[in-house]
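Take a look and give me a structure for this.
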Amino acid sequence: MAKLARKLRLADYFALAFGTMVGVGWLVLMDDWLGRGGPVGAMLGFALGGILLLPVGYVYGQWVQRLPDAAGEAAYTAQVFPPIVSYFTGWIMLLAYFIVCPWEAVAVGKLAAYIFPSLNSFELYRVAGQPVFLPRLVLGIALTLFLALLNYRGIRLSANFQNWTTTFVLLLFVALLGISAVYGAPANFRPAFQGAPWISIVLTLQIVPYFMTGFESVPKVAEEAHLEFPSTGFFRAIAMALFVGAGFYVLAIAAVAYVAPWQGLLGKHFVTAIAFEQALGARWPVRLILVMAMFGLFQCFNGNFVASSRLLFAYGRRGTIPPRFGEVHAKFLTPSVAVLGITAGTLAGVLLGDALLVPVTEVGSMASALGWMAACVSFWLVEKRISMRVVTGLGIMVSLLLFLMKVLPIIPGHFSLAEWIALGIWLALGAILRTRS
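Numbering: from 1, shown residues only. This is a model prediction of the structure:
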């Protein structure tokens, strides 16, 4: 039986982790971030989230050295828990990656329509009151099929695409920070928080797991590491992604709030672009931001596509879902059937349109935190050294806290009925696939 191609190095792993983490949320949802915490509250929320996730990242770095398996959390929990626990842990984590794919496919149409308003035409139907337009739908479908083809034909093609898009995003981001520093003013930061400081930070922390999900995508492609790649390189890539990713979000919020009064931006679409347009009185910064956002969208979509297809492949290989998903293409050495499965699911999600955007963020946050907690608990049970258990214990507490912030009704911003229903549907789908395997 063919095995997956082994071609990835450190730069590839960093680009995958960072790209899976950073998409277009900093443009599409900046008004939501500022509305939750204000500039300082949102910045502290992301900075604190990045720091708190370091113990979790460390645990993943240890796990992948010991068990380089594309099943990730499912493989880790299988070492200490019954098969059904392992299965649904991985299935929940698959949701965290997969759910981003239709999100980005929808976002590309929304982003393009800002540049070409004529794309907001030929309304086909509505979902939860939100219109679905034919041109935007076609764009989302086209991008999905392009990435599917890329990933079907080889991990090297996909990794090269990821490296290029990540490089462009970081270069354009530096230019954006320079513009904000020149044209902004400290007075625009006032007030620093949206409400009480602690509530502002907590409301931001609730969504951090979704936007920081990606560092743990590294183990999903651990089996595709180059033969000369050292096992210690996995944690290096994870740590680099956490630091650069958290820093990216903190500086993005600072750049927007510094360049224009943030309270006047709430409730508007593409707040990041509007802020720079207001400050400079010109359209060229908007074009720069939109180009950067397109590259961000491509890297995030591709990164999550890779991670979710590998998890689905690993499940098929284990026989916990229909084994066909575990097949490797004889020529391209890719999980071809799993790639087609993620493609089909993404195309189905695209049909929901804009109504998908914000609820997806909430469900993805919970799924990520639960997966992190399961990986940490499993490692704590197999690791006997006190020093390692202390670090792992911190990871357990952090991930548990992030999980509880989404499910406890007493905490503002908890799951709504619609989000519980969406989670229930996903778990039911997992149960059906498991019984049919």
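
So Val132 belongs to a strand, correct?
Yes - under DSSP: H, G, I helix; E, B strand; the rest coil, Val132 falls within a strand.

Do I have it right that it meets Tyr125?
Yes - under the criterion of C-beta atoms under 8 Å, Val132 is in contact with Tyr125, at a separation of 5.5 Å. (Glycine included, C-beta is placed from N, CA and C.)

and these two? which has more neighbours close in?
Applying other C-beta atoms under 10 Å to Val132 and Tyr125 shows that Val132 carries more neighbours, namely 21 against 10.

The more buried one: what's it in contact with?
Glu123, Leu124, Tyr125, Arg126, Leu351, Leu352, Gly353, Asp354 (C-beta atoms under 8 Å, 6 or more residues apart in numbering).

how does it look with 7 Å?
Leu124, Tyr125, Arg126, Gly353 (C-beta atoms under 7 Å, 6 or more residues apart in numbering).

quick one: which of those is most hemmed in?
Counting by other C-beta under 10 Å, top hit in these: Gly353 with 24 neighbours.

just the strands in the stretch 51-200 of the chain please.
Assigned by DSSP state E, counting those that start in this stretch, the strands in the stretch 51-200 of the chain fall at 123-127, 130-133.

Using a markdown table, lay out those together with mean pLDDT and distance to Phe379.
Rendered in a markdown table, the data for the strands of the stretch 51-200 of the chain read as follows (pLDDT from 0 to 100; distance: least, C-beta to C-beta, whole Å):
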| stretch | mean pLDDT | distance to Phe379 |
| --- | --- | --- |
| strand 123-127 | 85 | 41 |
| strand 130-133 | 84 | 42 |
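
Out of those, flag the one nearest Trp420.
Nearest to Trp420 among the strands of the stretch 51-200 of the chain is strand 123-127 (18.4 Å), distances taken as C-beta to C-beta.

Note down every partner strand of the closest one and its orientation.
strand 130-133 (antiparallel) (DSSP bridges).

Give the buried residues for the partner strand.
Val132, Phe133 (16 or more other C-beta atoms under 10 Å).

Quick one: distance of that strand to the chain centre.
24 Å (C-alpha atoms, centre = their mean, to the nearest Å).

per-residue confidence for Trp284?
At Trp284, the pLDDT value in this model is 85.

Name the nearest residue to Val286, sequence neighbours excluded.
Closest residue to Val286 apart from its sequence neighbours, by C-beta to C-beta, 6 or more residues apart in numbering: Ala273 at 4.6 Å.

next helix or strand past the longest helix belonging to the chain?
Counting residues, the longest helix found in the chain (DSSP state H) is helix 284-318. Counting by DSSP states H and E, the next helix or strand C-terminal to helix 284-318 is helix 336-350.

Quick check: next helix or strand after that next one?
Immediately after helix 336-350, counting by DSSP H and E, sits helix 357-382.
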